[in-house]
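[1] My questions concern the predicted model and sequence given below.
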Amino acid sequence: MRATAKANTNIALIKYWGKRDEQLFLPMNSNLSITLDQFSTTTTVHIHTDRKEDVFLLNGQQEGAEETRKISRFLDIIRKQTGGQWAATVDSINHVPTAAGFASSASGFAALAAAATKAVGLELSEPQLSVLARQGSGSACRSIYGGFVEWKKGERKDGLDSHAVPILEQNEWDLSILSVLVESKRKKVLSREGMKRTVETSPFYTGWLEAVEKDMQLAKEAIFQRDFERLGMVLESNAMKMHATTLGANPPFMYWQSATFDVMEQVQELRMQGIQAYFTIDAGPNVKVLCEPHNEEKVCQVLKSLPTVQDVFICHPGNGVSYL
Ligand SMILES: O=C(O)C[C@@](O)(CF)CCOP(=O)(O)OP(=O)(O)O
């Protein structure tokens with residue numbers, strides 16, 4: 001038995017930042033993303049009943065014990081549902097620009113959830129698939145759907161109501177998402193560690209939780225009204241608030257590096273010139289700049305001209321998980 005699935009990565013516009021349950025990957029707040037049409041993972045899962053050990057191949061190379069254990073822990077969730085004794089060979093290819101600092105855990109676990117359940121004949125609904133992908137990496141639950149996606153935080157302790165739901169299909173509103181790769185000087189604090197430390201030690205975290213629900217409401221209204229300026233203002237403000245929380249953590253940390261500031265300032269300069277562009281930043285120095293398609297070339301050319309920008313990748317809203 002085998003199956004292949006493809007999932008695109010996604011960019012959060014309203015951030016998932018903090019867990020209320022570390023084991024089940026349950027978020028403190030609802031959040032919102034755009035699934036991209038680039039940066040995908042294609043995963044093939046082969047099922048073996050004559051073997052006990054899982055094998056994990058990433059971009060053609062067999063991964064070591066630590067990475068394979070993460071995959072096995074995830075597959076154990078499915079094994080518990082199917083009951084059967086089986087092992088898997090997981091063969092994943094990440095289609096992300098080489099040396100690009102873009103997280104592929106979102107597309108990786110979404111593709112794995114889809115391919116593995118298909119391979120063992122476990123028919124899940126999209127919400128159930130999203131609940132499963134979430135347990136690999138929280139943001140992966142959003143990549144099950146395309147376009148604009150909301151991850152509802154849910155209230156249940158078992159997390160069955162904490163999954164993504166589609167807000168707008170990718171062909172209902174075209175935007176340009178420019179992924180800006182900047183020089184990266186130091187090892188970043190991984191998002192899982194970053195949000196844990198922030199929740200546990202930052203006095204600014206309660207302010208984040210008070211503000212994010214309002215940001216969600218404003219962002220959804222702007223999306224339904226196709227109001228790019230209003231969406232841009234709230235997504236940029238939300239990213240700033242998320243990163244502000246890390247400054248109050250103990251020990252404090254900051255994801256931004258000098259090149260990050262160069263891009264932020266350039267985006268604000270573009271707005272001074274009347275070009276609507278807004279930025280968001282995740283757990284690293286790279287910046288994602290959003291603009292309307294008619295400004296895409298101009299914004300891309302200006303960003304590429306910055307000496308500390310290494311590359312710019314143009315994306316648009318993409319589709320959800322698919323089976324090949
Ligand atoms: O994507 C967002 O909403 C915001 C972030 O990217 C900001 F950095 C966090 C993503 O966290 P993820 O990698 O999903 O964590 P996991 O559940 O611990 O695997």
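    Alright, I've got the coordinates.

[2] can we go C-alpha only for contacts and neighbour counts from here?
    Fine.

[3] ok, then the element right after the host helix or strand of Asn8?
    Taking DSSP states H and E as the criterion, Asn8 maps to strand 2-14. Helices and strands here follow DSSP H and E; after strand 2-14, the next one along the chain is strand 19-21.

[4] Which residues does the next helix or strand after that following strand contact?
    Tracing the chain past strand 19-21, the next element assigned as helix or strand by DSSP H and E is strand 26-27. Outside strand 26-27, the residues within contact range by CA atoms under 8 Å, 6 or more residues apart in numbering are 16-21, 138, 153, 159, 162.

[5] What are the buried residues along the helix or strand just after strand 26-27?
    The element immediately downstream of strand 26-27 (helix or strand, assigned by DSSP H and E) is strand 31-48. Going by neighbour count (16 or more other CA atoms under 10 Å), the buried part of strand 31-48 is 31-48.

[6] again with stretch 293-306
    Buried, per 16+ other CA under 10 Å, within stretch 293-306: 296, 299-300, 303-304.

[7] Relative to Ser305, how far out is Glu66?
    In this view, Glu66 and Ser305 are 40 Å apart by CA to CA, to the nearest Å.

[8] quick revisit: buried ones in the strand holding Asn8?
    2-14.

[9] and what of stretch 167-177?
    167-170, 173-177.

[10] so how many other residues sit close to the closest residue in space to Glu169 that isn't next to it in sequence?
    Distances taken as CA to CA, 6 or more residues apart in numbering place Gly147 nearest to Glu169, at 4.6 Å, with adjacent residues excluded. Using other CA atoms under 10 Å, Gly147 has 26 neighbouring residues.

[11] Please apply the same query to the one 5 residues further on.
    Other residues lying near Lys152 total 18 when counted by other CA under 10 Å.

[12] Filter the buried residues of stretch 293-306 down to just the ones in helices.
    296, 299-300, 303-304 (DSSP state H).

[13] will you turn these into JSON lines that also has pLDDT and distance to the ligand?
    Shown next, in JSON lines, are these (pLDDT from 0 to 100; distance: CA to the nearest ligand atom, whole Å):
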{"residue": "Glu296", "pLDDT": "98", "distance to the ligand": "23"}
{"residue": "Val299", "pLDDT": "98", "distance to the ligand": "23"}
{"residue": "Cys300", "pLDDT": "98", "distance to the ligand": "23"}
{"residue": "Leu303", "pLDDT": "98", "distance to the ligand": "22"}
{"residue": "Lys304", "pLDDT": "98", "distance to the ligand": "23"}
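
[14] can you tell me which two in these are farthest apart?
    The span of these, defined through CA to CA, is set by Glu296 and Lys304 at 12.0 Å.

[15] what's the closest non-adjacent residue to the residue lying farthest from the centre of the chain?
    When each C-alpha in the chain is compared with the mean C-alpha position (CA atoms, centre = their mean), Asp50 comes out farthest, at 35.5 Å. Among residues not flanking Asp50 along the chain, Trp86 sits closest, at 7.5 Å (CA to CA, 6+ apart).

[16] and if you look at Asn295?
    Asn295's closest residue in space is Ile275 (CA to CA, 6+ apart), at 7.2 Å.

[17] which bits of the chain sit near the ligand?
    The chain comes close to the ligand at residues 12, 15-17, 25, 137-139, 191-192, 282-283, as judged by CA under 6 Å from any ligand atom.

[18] Okay, helices next: where are they in this protein?
    65-82, 105-119, 126-134, 191-201, 205-224, 228-247, 258-272, 296-304.

[19] Grab the CA positions of the last one and hand them over as CSV.
    This points to helix 296-304. What follows is helix 296-304, C-alpha atoms only, in CSV (Å, rounded to 0.1, in the frame of the first residue of the first chain):
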residue,chain,number,x,y,z
GLU,A,296,4.2,43.4,-7.4
GLU,A,297,7.0,44.1,-9.9
LYS,A,298,7.8,47.5,-8.5
VAL,A,299,7.8,46.3,-4.9
CYS,A,300,9.9,43.3,-5.8
GLN,A,301,12.4,45.4,-7.7
VAL,A,302,12.8,47.9,-4.8
LEU,A,303,13.3,45.1,-2.2
LYS,A,304,15.8,43.3,-4.4
